[in-house]
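Novice: need coordinates for the following:
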Amino acid sequence: MKKEDTKEKDWSKFKEEFDTLNEDFDEAINKEANADSIGEKTEDLHGSSLNHPSYTDLEEKLTLAEQKAHENWEKSVRAMAELDNVRRRMEREVSNAHKYGGEKIISSLLPIVDSLEQALQLAEKGGDTAMHEGLELTMKLFIDALEKFDVVQLDPAGEVFNPQQHEAMAMQPAADVAPNTVIAVFQKGYMLNDRVIRPARVIVAKSI
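Specialist: Residues are numbered from 1 along each chain as shown. Model (predicted):
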């Protein structure tokens, strides 16, 4: 009687453990199936969102916005460069106005200086000392006044001929000077700052 009770208890315990294992196995299978299902749904959702019309439109708008921003940036760079060029040009024009603004007035005074020089030469040849001294003083005052306005007289006798500042009226053979040397000055020249407003008219030596 005791042996039968023991067998029955062992069988009940075995059956209980088997049922527990079976339930654990079913639960594990169900969890795996649910995980696969959720993964598939997530992939479907992600894929569908990327292909959604609203996402495509947004991407196109972003691309257009980037292109527009780049175009505007290029325009702004060109505009800044143009403004810089205008500023430089205005500064140059203002500088030239200060440096050469009196060129026309000074040019109109040069014939007066030429007349004074001619009168000075005539007074010297005529032996009129008083006249010569008066004209010489007037000439000096005139030249000093021009120099205050940055006017420089060009009197290149004995200098090497410079086509930027001199105008050759003739060439003459000369034995005692090097070729291309100014041997006589017909008319003196003048410069305003670094600009020649009238070249000196000269005679240039050439080889014999």
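Novice: contacts, neighbours, all on C-alpha from now
Specialist: Will do.
Novice: for this structure, what spans make up the strands?
Specialist: Residue ranges of the strands in the chain, as given by DSSP state E, are 151-154, 166-173, 182-187, 189-192, 195-198, 200-206.
Novice: looking at these, which is nearest to Phe142?
Specialist: Ranking the strands of the chain by proximity to Phe142 (C-alpha to C-alpha) places strand 151-154 first, at 11.0 Å.
Novice: of all the strands of the chain, which lies closest to Met139?
Specialist: Closest among the strands of the chain, using C-alpha to C-alpha: strand 151-154, at 12.2 Å.
Novice: list every C-alpha atom in the closest one, with coordinates, as CSV.
Specialist: Output of strand 151-154 as CSV, limited to C-alpha atoms (Å, rounded to 0.1, in the frame of the first residue of the first chain):
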residue,chain,number,x,y,z
VAL,A,151,54.4,122.7,-59.0
VAL,A,152,58.0,121.8,-60.0
GLN,A,153,59.8,123.5,-62.9
LEU,A,154,61.6,121.3,-65.4
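Novice: can you list the strands that that strand pairs with?
Specialist: Partners of strand 151-154 in the sheet, by DSSP bridges, are strand 189-192 (antiparallel).
Novice: contacts for the partner strand?
Specialist: 99-100, 103, 149-155, 165-166, 196-201 (C-alpha atoms under 8 Å, 6 or more residues apart in numbering).
Novice: any chance of the strands of the chain in TSV, plus mean pLDDT, distance to Leu64 and mean neighbour count?
Specialist: Output for the strands of the chain, formatted as TSV (pLDDT from 0 to 100; distance: least, C-alpha to C-alpha, whole Å; neighbours: other C-alpha atoms under 10 Å):
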stretch	mean pLDDT	distance to Leu64	mean neighbour count
strand 151-154	94	62	19
strand 166-173	94	64	16
strand 182-187	94	72	20
strand 189-192	95	58	21
strand 195-198	94	55	18
strand 200-206	95	67	24
